[in-house]
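Engineer: This is the structure alone, sequence omitted:
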């Protein structure tokens, strides 16, 4: 299924307006603020810095952005946690460099209107906790074995 380009651009515009108004929210589980910066919004549009997501995947994620602050502020239980040392691409002195840093991923799961959502918060060593991604996951339907899958299991790309 393909999303009409005009519809996708309209959804992006609305989602960007909502996203920019959020700024930051308090997460009671992490006992810290979670910031909403460009990295999180860009990650909804791109899997990695140079590889985009499908228009259907972008549209689906963008439509769900308004639910994220509420899920983070109501979450009191961490469902997944991952921590690893990895090369992180950072803009240092107007140059893009890769540096080895400890990266932590915090995952919260919520079920809203029969949709199961995963929210990923990322923290790079020495930095703030940022909203990084969200994705829905559906179960199979009764009459079909098909699934809509918008995740791979790799928290950096999801």
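Structural biologist: Arrived safely. Please read all numbers here as calculations on a predicted model, not as lab measurements.
Engineer: Show me how far the longest strand along the chain is from its chain's centre.
Structural biologist: Once the chain is assigned using DSSP state E, the strand that runs over the most residues is strand 95-112. Offset of strand 95-112 from its chain centre (Cα atoms, centre = their mean, to the nearest Å): 10 Å.
Engineer: can you list the weak-confidence ranges in this protein?
Structural biologist: Applying pLDDT under 70 to the chain flags the ranges 1, 49, 138-158.
Engineer: Just to be sure, residue 132 is in a helix?
Structural biologist: No. Applying DSSP: H, G, I helix; E, B strand; the rest coil, one finds residue 132 to be strand, outside a helix.
Engineer: how much space between the residue nearest to it when sequence neighbours are not counted and residue 98?
Structural biologist: Ranked by Cβ to Cβ, 6 or more residues apart in numbering and with sequence neighbours excluded, the top spatial neighbour of residue 132 is residue 122, at 3.8 Å. The C-beta positions use only the backbone N, C-alpha and C, and glycine is treated the same way. In this structure, residue 122 and residue 98 are 16 Å apart, going by Cβ to Cβ, to the nearest Å.
Engineer: higher neighbour count, the two?
Structural biologist: residue 122 (23 against 10; other Cβ atoms under 10 Å).
Engineer: any idea how far residue 21 is from that one?
Structural biologist: Per Cβ to Cβ, residue 122 is found 21 Å from residue 21.
Engineer: Which strand residues bridge the residue nearest to residue 132?
Structural biologist: In this entry, residue 122 is beta-bridged to residue 105, residue 130, by DSSP bridges.
Engineer: Need the nearest residue in space to residue 20, chain neighbours excluded.
Structural biologist: Nearest one to residue 20, counting by Cβ to Cβ, 6+ apart, is residue 36 at 8.0 Å.
Engineer: The one you found is in contact with residue 22, isn't it?
Structural biologist: Yes. At 4.4 Å, residue 36 counts as touching residue 22 under the criterion of Cβ atoms under 8 Å.
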